[in-house]
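Enquirer: no letters, just coordinates:
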């Protein structure tokens, strides 16, 4: 009898605890299903627009020509205002063998952009000799002198018409 009691205890200790379930539930109770996995919605990709390469070229390094078509310099920077709109282009006028290079800020409105023979053409409406005489652009200055084109409209009059 003693052997059968030892065998019964050994069998009981090796059997899985089928009657023991979490939370004291009976052998027929089941665990609750796991919560569903909710993935965040994937953002929609932006709409793509394909441009011909010439329209996607950068402006930096592009030549700037005068009204006669002569190259007078190259764009080395674009200055924007607080709203993110371009206000001026910094044009570097080359000196002789790199000596005498000058950078001048030219108002965006004084530049005309077009595509000629699959290349960007930037034409400045200001006289090149007068541009070279302007103060040089310094990136560290708090304000930047910018060459602007003269407006075609007459300046506003300060006098009022007599009654």
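Expert: That came through, no problem. No experiment lies behind these values; they were computed from the predicted model shown.

Enquirer: residues of the helix or strand that residue 121 is a member of that come out buried?
Expert: Element membership for residue 121, per DSSP states H and E: strand 119-124. Buried positions in strand 119-124, judged by neighbour count with 16 or more other Cβ atoms under 10 Å: 120, 122-124. Any C-beta I mention is one placed from the backbone N, CA and C, and that applies to glycine too.

Enquirer: let's have those in JSON lines, adding pLDDT.
Expert: Putting those into JSON lines (pLDDT from 0 to 100) gives the following:
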{"residue": "120", "pLDDT": "82"}
{"residue": "122", "pLDDT": "91"}
{"residue": "123", "pLDDT": "92"}
{"residue": "124", "pLDDT": "90"}
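
Enquirer: dump the residues you listed to JSON lines, plus distance to residue 41.
Expert: Shown next, in JSON lines, are the buried residues of strand 119-124 (distance: Cβ to Cβ, whole Å):
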{"residue": "120", "distance to residue 41": "41"}
{"residue": "122", "distance to residue 41": "44"}
{"residue": "123", "distance to residue 41": "49"}
{"residue": "124", "distance to residue 41": "50"}
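
Enquirer: elements contacting the helix or strand where residue 105 lies?
Expert: According to DSSP H and E, residue 105 maps onto strand 102-107. With contacts defined as 3 or more Cβ pairs under 8 Å, 6 or more residues apart in numbering; DSSP states H and E, the packing partners of strand 102-107 are strand 71-80, strand 86-93, helix 128-132, strand 146-147.

Enquirer: what mean pLDDT would you report for the longest one?
Expert: Summarised as a single mean, pLDDT over strand 71-80 is 90.

Enquirer: buried stuff in that strand?
Expert: 72-76, 79.

Enquirer: ok, so of those, who is nearest residue 64?
Expert: Using Cβ to Cβ, residue 73 comes nearest to residue 64 of the buried residues of strand 71-80, at 4.9 Å.

Enquirer: beta partners for the closest one?
Expert: residue 64 (DSSP bridges).

Enquirer: mind showing which ranges of this structure have poor pLDDT?
Expert: Applying pLDDT under 70 to the chain flags residues 1-29, 53-57, 95-100, 150-163.

Enquirer: nearest residue to residue 63 other than its sequence neighbours?
Expert: residue 71 (4.7 Å; Cβ to Cβ, 6 or more residues apart in numbering).

Enquirer: cool, and residue 149?
Expert: Leaving out its chain neighbours, the residue that sits closest to residue 149 by Cβ to Cβ, 6+ apart is residue 110, at 4.1 Å.
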